[in-house]
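K.L.:
I would like to see how this sequence folds:
(2 chains)
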Amino acid sequence: METFLKVQNLVKEYKNGFRAVDDVSFEVGAGEIFGLLGPNGAGKTTIIRAISTILSFTNGKIEVLGKDNLRYAEEVRSNIGVLTTDIGAYERFTGKENLQYFGELYGLSSSDLDKRIKELTELLDMGGFIDKKAAKYSTGMKQRLAIARSVIHDPKVIIFDEPTSGLDVLSSQTVRDFMSHARESGRAVIFSTHQMYDAEKLCDRVIIIHKGKEIAYDSVENLKTQTGERDLEDVFLKLVKGEGV
Amino acid sequence: MNSKHILTIWKKELRDTVRDRRTLVSMILVPMLLMPVIMLGMFKFMSEQAAKQQTQIAKISIVGGDYAPQLAEAIKSREGVEIAEVDVQNYKQSVAEGRIDAAVVIPEDFQDRIAGEKAVNLELVSKSTNANAANAFAAVSFVVADFNAGLLEGRFTARDINADILSGVTIVPEDLATEQEVGGFVLAMLLPLLIVMWSIVGGQYTAIDVSAGEKERKTLEALLLTPVKRIDVVFGKFLAVSTVAIISVVTAIGSLYFSFSYAGDLGIPMEEGNGLSMGGAGGSGLGFSIEPQVALLLFIVSLFLVLMFSAVILSISIYAKSFKEAQSYIGPAYIVVILPVALVNSVPGFEPVFWMFALPAVNAVLLFKELFMGAYDWGHISLTLFSLIIYSIIAILIAAKTYSKESVLFGD
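P.N.:
Numbers count the residues shown, from 1 in each chain, chains lettered A, B, ... in the order given. Sure thing, here's the model as predicted:
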């Protein structure tokens, strides 16, 4: 399995001395859904921002498709698609116009962009609202538009930060299906969540972060075996409460 | 820098602006409609006030009119004077209470002193807080001056002296100001302030919308995640704000100029004589044209002014987390800019020194005033343009730097 993302000894310390991320390392390969797990405030979003080059880090090294993300920031951003927890859209634009704008910024040609928008509209079931102004979208619609926006350039590394948060069952299923589809098509998917049910169903391997530190890093099955717990939620609770692996 | 990325962002922000009713109102409607209405309304009001002042009737009482019937008659027959009868004992009270505008008190020995060729003191009682007192004073002064001239002429004639020697020195007014200068004087009072004002206000909503608005809508992070360099993001947004601001400035000035040109047709007098001269012939309007080179310089200076303010407003707005917060930051900044500009613009006879043409915004106002008055000082023009370019570059660099600050972008 080819490694698409490599994070080595990542440290992010703020000026006030607070360490949001403290020596975290992991790798994610092609055709894999990798769970970045942790409670709220664990440091997951900080790690994602550091990987996507929009946040500086104090120490460590990050490589995306073998490229150092500090030296090749723009190239790295071209190869990753990040769904942030903020799913806002340009509300005076239609969904399609939103996608066209981001597609142009990612350098897609007009014909490729049209093709990609059509493909994503079908995949994420957006046909009913893609031509409507984003101001009229529900949370579920906005989330689907945000997903489409984050992968408009068909990146090899996809990072989803809490993608099912606040969604109803049907919308959550669409998101889960999309992640599975991305894995099947050989993408590396990083799934950041604190919802253990979704993580257990989807993730091949996981890293559990607590207070910025890595407390576990293995496959879901191995972690269950090591902790003697029946499901990932119990594994998570046991680890976070400090009982260790 | 990647021009394609900059162009994409610029186009998107302009498109977004055009679809925003708030921005459209502040950018096009207000400068296009409201400003000319306010300015022309102000002129109409001033013109009516001036006309009213000229036709105002002064209510005057003559105390002791019988002692100088000829003088009393002259006052009575003076245009704009109405003679009011008051209680002779209480004429001061009548003036104090505003029932009359003035009282002329003729002394009992008036005829004797005149006959004896002695000076006569004519008492004129008025109240300076009465707006019409000045009219009464002017009317009485005019009559008395006329009376004196006749009196002296009689005395000289009686002594067989030619009365022409009374003429002495007389003033023959001749105004050398050209139509250009007269019109320029009025324009120089109005336009500089308006240009500075619209340079800020015109792009304000767009600046807030593309920065703080982007944060509020939660789209900023998604934009930063694209492979577009931060400087390109800033530049695209900056160009959009500048475009909107320059459109706003041109719209405001254009519509104002157009309105003044047709002011006569709108029933607003602009002819000489009412203190509102625009140098126009026959009161049909402005009658004032801006030479092409002045218009070009005006546009270039306005452009750099707009570039500088757009970058400054953009830098300020990105600090805010919301539209409202950004507005609260820009308000005080706006006052800081406008106050010195308004001061320089309104102080009569203000003579700027060379270094003042290096002060941002103030330099533009000073230069505009010179240009409207038909003065071309290339030293002033060069210093103004050079300093505005430098300030613009500094402001853009600050905006770019601000967009790189993690604490500003992700202060969540």
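
K.L.:
which bits of chain A sit near chain B?
P.N.:
A:49, A:52, A:54-56, A:74-75, A:77-78, A:80, A:82, A:84, A:86-93, A:101-102, A:104-107, A:146, A:149-150 (Cβ under 8 Å from any Cβ of the partner chain). C-beta: built from backbone N, CA, C; applies to glycine.

K.L.:
Select only the buried ones of these in PyMOL?
P.N.:
Buried residues among these (16 or more other Cβ atoms under 10 Å in any protein chain shown), as a PyMOL selection:
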select buried, chain A and resi 49+52+54+55+77+78+80+82+84+87+88+89+90+91+92+93+101+102+104+105+106+107+146+149+150
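
K.L.:
out of the residues of chain A next to chain B, which are inside helices?
P.N.:
A:R49, A:E74, A:E75, A:R77, A:S78, A:Y101, A:F102, A:E104, A:L105, A:A146, A:R149, A:S150 (DSSP state H).

K.L.:
and A:I158, what helix or strand is that in?
P.N.:
Using DSSP states H and E, A:I158 maps to strand A:157-161.

K.L.:
Looking at that strand now, give me its mean pLDDT.
P.N.:
Per-residue pLDDT values over strand A:157-161 give a mean of 95.

K.L.:
Give the pairing partners of it; include direction for each.
P.N.:
strand A:80-83 (parallel), strand A:188-193 (parallel) (DSSP bridges).

K.L.:
Residues contacting it, please?
P.N.:
Residues from elsewhere that reach strand A:157-161 (Cβ atoms under 8 Å, 6 or more residues apart in numbering or on different chains): A:4-5, A:28, A:44-45, A:48, A:51-52, A:64-65, A:79-85, A:147, A:150-151, A:175, A:179, A:182, A:187-192.

K.L.:
Report the contact partners of residue 13.
P.N.:
I went with chain A, as the question did not name one. A:R19, A:A20, A:T58.

K.L.:
if you could check chain B rather than the one you did, that'd help
P.N.:
Contacts of B:E13 by Cβ under 8 Å, 6+ apart are B:T206, B:V210, B:G236, B:K237, B:A240, B:V241.

K.L.:
need the contact list for the second one.
P.N.:
When you say that, I think you mean B:V210. By Cβ under 8 Å, 6+ apart, the neighbours of B:V210 are B:E13, B:D16, B:K237, B:A240, B:V241, B:L314, B:S317.

K.L.:
for the host helix or strand of A:V28, which positions count as buried?
P.N.:
In this structure, A:V28 is located in strand A:19-29 according to DSSP H and E. Across strand A:19-29, burial judged by 16+ other Cβ under 10 Å covers A:R19, A:A20, A:V21, A:D22, A:V24, A:F26, A:E27, A:V28, A:G29.

K.L.:
Can you name the residues of the stretch 101-250 of chain B sitting close to chain A?
P.N.:
B:R217, B:K218, B:T219, B:E221, B:A222, B:L223, B:L224, B:L225, B:T226, B:P227, B:V228, B:K229.

K.L.:
ok, of the residues you listed, which come out buried?
P.N.:
Applying 16+ other Cβ under 10 Å to these, the neighbour count classes B:R217, B:K218, B:T219, B:E221, B:A222, B:L223, B:L224, B:L225, B:T226, B:P227, B:V228, B:K229 as buried.

K.L.:
and the longest strand anywhere in chain B, what does it pack onto?
P.N.:
Under DSSP state E, the strand in chain B containing the largest number of residues is strand B:58-63. Judged by 3 or more Cβ pairs under 8 Å, 6 or more residues apart in numbering or on different chains; DSSP states H and E, strand B:58-63 is in contact with helix B:69-76, strand B:81-83, helix B:91-96, strand B:102-105, helix B:133-158.

K.L.:
mind checking which of these is nearest B:I246?
P.N.:
Among those, the nearest to B:I246 by Cβ to Cβ is helix B:133-158 (46.5 Å).

K.L.:
If you count contacts, what does the closest one end up packed against?
P.N.:
So helix B:133-158, by 3+ Cβ pairs under 8 Å, 6+ apart, packs with strand B:58-63, helix B:69-76, strand B:102-105, strand B:123-126.

K.L.:
Excluding covalently adjacent residues, which one is nearest to the residue in chain A positioned nearest to chain B?
P.N.:
When scored by Cβ to the nearest Cβ, chain A has A:G88 as its residue closest to chain B, at 3.0 Å. Once flanking residues are discounted, A:G88 sits nearest to B:K218: 3.0 Å by Cβ to Cβ, 6 or more residues apart in numbering or on different chains.

K.L.:
Ramachandran coordinates for the closest residue to chain A within chain B?
P.N.:
Residue nearest to chain A within chain B: B:K218 (3.0 Å; Cβ to the nearest Cβ). Dihedral pair for B:K218: phi 70, psi 40, per degrees, to the nearest 10.

K.L.:
is it true that it touches A:Y90?
P.N.:
No: counting by Cβ atoms under 8 Å, B:K218 stays clear of A:Y90, with 10.7 Å between them.

K.L.:
Just flag the most distant two among the contacts of B:E13.
P.N.:
B:T206 and B:G236 (12.1 Å).

K.L.:
the more surrounded of these two?
P.N.:
Neighbours were tallied for B:T206 and for B:G236 using other Cβ atoms under 10 Å in any protein chain shown; the higher tally belongs to B:T206 (31 against 27).

K.L.:
Quick check, B:I75 in contact with B:S141.
P.N.:
No: counting by Cβ under 8 Å, B:I75 does not reach B:S141; the two are 10.8 Å apart.

K.L.:
When these two are compared, which one has more neighbours?
P.N.:
Neighbours per residue (other Cβ under 10 Å) separate B:I75 from B:S141, with B:I75 holding more: 21 against 11.

K.L.:
tell me the contacts of B:I313?
P.N.:
B:I200, B:G203, B:Q204, B:A207, B:I208, B:V241, B:I330, B:A333.

K.L.:
tally of neighbours for the third one?
P.N.:
This points to B:Q204. Neighbour tally, B:Q204, other Cβ under 10 Å: 27.

K.L.:
next one: the fourth one
P.N.:
Burial measure for B:A207: 33 neighbouring residues, criterion other Cβ under 10 Å.

K.L.:
Which elements pack onto the worst-scoring helix or strand of chain A on mean pLDDT?
P.N.:
Across the helices and strands of chain A, mean pLDDT, DSSP states H and E gives its lowest value to helix A:232-240, namely a mean of 87. Judged by 3+ Cβ pairs under 8 Å, 6+ apart, the packing partners of helix A:232-240 are helix A:196-202, strand A:205-210, strand A:213-219, helix A:220-227.

K.L.:
looking at those, which is buried most?
P.N.:
strand A:205-210 (a mean of 24; mean count of other Cβ atoms under 10 Å in any protein chain shown).

K.L.:
Listing partners with orientation, what would you give for that strand?
P.N.:
strand A:32-37 (parallel), strand A:213-219 (antiparallel).
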